[in-house]
Structure formats: C-alpha cells, structure tokens
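Visitor: Build me a structure from this.
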Amino acid sequence: MQRYFNVAGPCEPDKHYMLPAASRCGDLSTLIERGLYFVIHAARQSGKTTFLKELERTLRAENNYHVLYCTLETVQGYPNPIEGIPAIVSAIRTAMERTPGLAAYNFSGNRDPKEYTRLVLTSFMDLCQELDKPLIVLFDGSDCLCEGTLVTFLRQLREGYINRSGAPFIHSLALVGMRNIRDYKAQLRSESQTHGSASPFNIVTETMSLRNFTKDEIAFLFAQHT
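Guide: Numbers count the residues shown, from 1 in each chain. Okay, here's the model as predicted:
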C-alpha cells in the first residue's frame with residue numbers, strides 16, 4: 001500500500017509519511033536508565049501517541065526491559081476512586097493481554113477491587129516480582145484522570161517509587177497527555193487540605209513537551225511524498 005499523510009490517530013512507518021518522533025522530545029535514554037519517572041505533554045494531534053509507540057518499539061527491540069504501553073482514555077469520567085481505580089486496573093490488564101512478554105501474566109490476580117487505595121501499587125509489585133527484566137510503563141492519556149481517582153492513582157505510584165529499594169516496582173514511567181500532570185494540582189483542594197508534604201504530584205523528575213516541526217523537517221516530510 002502506498003503511504004499517505006495521516007491526521008487521525010498514531011502514525012505507522014510502513015503506512016504513513018512521518019518523521020522520527022523521538023527527535024522532537026530529546027534523549028530519554030538517560031532518564032529511563034536511571035529509573036526515573038517523567039511527564040510528556042503536548043497539544044492534541046501533535047504526535048504524542050506516535051511518539052510513545054515508537055519509543056515502545058525501540059525499547060522492546062533493545063531487549064533490556066519489559067515495556068507496557070497503556071492508554072487511560074477509557075477511565076475518563078470516573079472521578080470517584082472506588083470506580084476509577086478498578087477501571088485503571090482493567091485498562092492495564094487489557095494492555096498487557098496484547099503486549100509481547102506480558103500477556104501471560106494476570107495483572108492484579110485475585111485482589112479485591114474494594115482495596116482500591118492500594119490496588120495499583122500491590123498489583124504492580126506482584127507483577128514486577130515475577131518479571132525477569134525491569135518494567136517500563138508508558139501511560140498515554142493520563143490527563144483523562146480527574147479528582148479522587150487521579151490523586152489515589154498518583155499516591156500509589158509515589159509509594160511504589162520511593163520504596164523500590166525494598167520492594168520491586170516499575171523501573172521507569174511516563175505520564176503523557178495534553179497537560180502537565182502537575183497543573184491539575186491547582187484544580188483540587190489546597191495543599192494543606194489535600195496533599196501536604198507528600199504530594200502525589202511530586203513523583204516526576206522531568207517534564208517535557210514535543211517541540212514543533214522545524215522548517216527543514218517539514219521539507220523532509222513533504223519530500224517523502226513529492
């Protein structure tokens with residue numbers, strides 16, 4: 001099939017005219033190697049999912065990590081963590097079922113969804129205990145989470161992150177969306193009421209965005225067609 005310009009959904013190298021997505025966000029290899037958590041935010045249809053899928057392919061080809069890409073778009077509209085956290089776990093389980101090397105694992109096992117305040121934390125701890133390589137998780141659409149679900153989710157990621165020396169957890173993690181995850185802090189209750197000194201929004205080390213195409217990149221892109 002002849003390649004074409006795609007403006008609906010992620011681009012694929014064998015189908016679409018495209019540029020290497022990684023060139024628009026700098027080098028993430030050092031962040032990943034150091035086991036850091038980071039945020040990538042950019043406008044709608046700017047190439048976030050294309051970038052993540054390319055990053056997923058690159059990391060998997062290196063064969064040093066297990067890599068899980070998971071979209072959280074289906075969790076939009078669940079402000080209450082009682083419903084929202086099990087919905088996140090369901091999204092993770094679905095993503096694992098179609099991921100090479102992870103499909104055989106039963107994420108969250110028989111854990112009770114009512115234990116939602118620790119469900120994500122303990123499920124990832126169980127998974128990382130079983131894996132033979134460190135786990136990288138790429139959460140797309142993380143800005144779809146809101147209110148109590150967002151805070152509860154981030155609290156569990158933070159607890160797993162700061163206690164990794166004593167219990168296995170996600171090696172490196174990306175939260176990707178249209179907005180910086182820290183921007184949501186202002187929409188919730190005040191620091192003294194909600195987060196205090198252990199704010200769940202402090203789990204990320206680096207915040208980045210996808211830059212716009214340069215003139216030379218636009219010329220290279222159109223030259224693939226004409």
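Visitor: which residue is nearest the centroid of this structure?
Guide: Closest to where the C-alpha atoms of the chain average out (C-alpha atoms, centre = their mean) is residue 139, at 1.8 Å.
Visitor: residue ranges of the strands in this structure, please?
Guide: 37-41, 66-71, 135-140, 172-177, 206-209 (DSSP state E).
Visitor: Could you double-check that residue 70 sits in contact with residue 92?
Guide: Yes. Look at residue 70 against residue 92 with C-beta atoms under 8 Å: they come within range, at 5.4 Å. Bear in mind the C-beta positions are built from the backbone N, C-alpha and C, glycine included.
Visitor: For the protein, give me the ranges with low pLDDT.
Guide: Residue ranges of the chain with pLDDT under 70: 20-26, 43, 45-46, 181-205, 210.
Visitor: What segments of it are helices?
Guide: Under the criterion DSSP state H, the chain carries helices at the ranges 29-33, 48-62, 81-97, 119-130, 147-162, 191-194, 215-223.
Visitor: okay, those helices in a markdown table with mean neighbour count and distance to residue 177 next?
Guide: Converted to a markdown table, those look like this (neighbours: other C-beta atoms under 10 Å; distance: least, C-beta to C-beta, whole Å):
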| stretch | mean neighbour count | distance to residue 177 |
| --- | --- | --- |
| helix 29-33 | 15 | 18 |
| helix 48-62 | 18 | 8 |
| helix 81-97 | 19 | 14 |
| helix 119-130 | 19 | 17 |
| helix 147-162 | 21 | 11 |
| helix 191-194 | 10 | 20 |
| helix 215-223 | 11 | 24 |
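Visitor: Any idea which of those helices gets closest to residue 174?
Guide: Nearest to residue 174, of all the helices of the chain, is helix 48-62, at 7.3 Å by C-beta to C-beta.
Visitor: just checking, what packs against the closest one?
Guide: strand 66-71, strand 135-140, strand 172-177 (3 or more C-beta pairs under 8 Å, 6 or more residues apart in numbering; DSSP states H and E).
Visitor: Compute the inter-axis angle for the last one and strand 66-71.
Guide: Using axes from the mean of the first three to the mean of the last three C-alpha atoms, to 10 degrees, the direction of strand 172-177 lies 20 degrees away from that of strand 66-71.
Visitor: Just want the angle from strand 172-177 to helix 119-130.
Guide: For strand 172-177 against helix 119-130, the angle by the same axes, to 10 degrees is 140 degrees.
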